[in-house]
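K.L.:
let's see this in three dimensions:
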Amino acid sequence: MQLILQGSFGHFGAEQLLTLISTNHHSGTLEVVGDRDTARVYFNDGAAVHATGPFGSTGATLIADLFAWDDGTFTFTDDSSLPSGVGAEPIDLESSFTEGKQRADEWRGLLRFYPNDR
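P.N.:
Numbering: from 1, shown residues only. The predicted model follows:
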């Protein structure tokens, strides 16, 4: 397994990373580690084929949820092996982007009323 890319998820968010990986037809695993959760998105030749994350979220739902994450770190490795017993199921990134942007806007709106004082 070779590390291809790593960085701050606060500086390079979901849309930028997913677009970079998909438009350049990369294969591998994107892992995003936040304060409390970890998410993984698996790619084959630029197509997102599986995603897993906190609370059992998967697929397009997980990718949309990533748009609300504004901190943490990410790594992208060339290991595109899916978890044992899981088959590849293509995920529509465009619809996930639309849903994700809407969820992130709603989340940020809620934070204005109920700030998170860490």
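
K.L.:
isn't Asp35 up against Trp69?
P.N.:
No: here Asp35 does not reach Trp69: they are 9.4 Å apart, not a contact under CB atoms under 8 Å. (Glycine included, C-beta is placed from N, CA and C.)

K.L.:
between these two, which has more neighbouring residues?
P.N.:
Between Asp35 and Trp69, Trp69 has the larger neighbour count (other CB atoms under 10 Å), namely 22 against 8.

K.L.:
tell me the confidence at the more buried one?
P.N.:
For Trp69, the pLDDT comes out at 85.

K.L.:
helix, strand, or coil at Asp65?
P.N.:
helix (DSSP: H, G, I helix; E, B strand; the rest coil).

K.L.:
point me to the helix or strand that includes Ser84.
P.N.:
Secondary structure assignment for Ser84, by DSSP states H and E: no helix or strand.

K.L.:
neighbours around it, how many?
P.N.:
There are 5 residues near Ser84, going by other CB under 10 Å.

K.L.:
so how far is Gly10 from it?
P.N.:
To Gly10, Ser84 is 32 Å away according to CB to CB, to the nearest Å.

K.L.:
Gln102: how many residues sit nearby?
P.N.:
Residues near Gln102, counting by other CB under 10 Å, number 12.

K.L.:
pretty sure it is in a strand, no?
P.N.:
No: with three-state DSSP as the criterion, Gln102 is located in helix rather than a strand.

K.L.:
could you check the pLDDT of it?
P.N.:
Confidence at Gln102, expressed as pLDDT, is 79.

K.L.:
and what of Gly10?
P.N.:
We have a pLDDT of 87 for Gly10.

K.L.:
Three-state assignment for the residue nearest to it when sequence neighbours are not counted, please.
P.N.:
Nearest non-adjacent residue to Gly10, counting by CB to CB, 6 or more residues apart in numbering: Asp71, 4.9 Å away. Using three-state DSSP, the structure places Asp71 in coil.

K.L.:
ranges for the helices of this protein?
P.N.:
Using DSSP state H, the helices of the chain run over residues 14-23, 59-66, 93-113.

K.L.:
could you say what helices and strands the longest one packs with?
P.N.:
Applying 3 or more CB pairs under 8 Å, 6 or more residues apart in numbering; DSSP states H and E, we find helix 93-113 packed against helix 14-23, helix 59-66.
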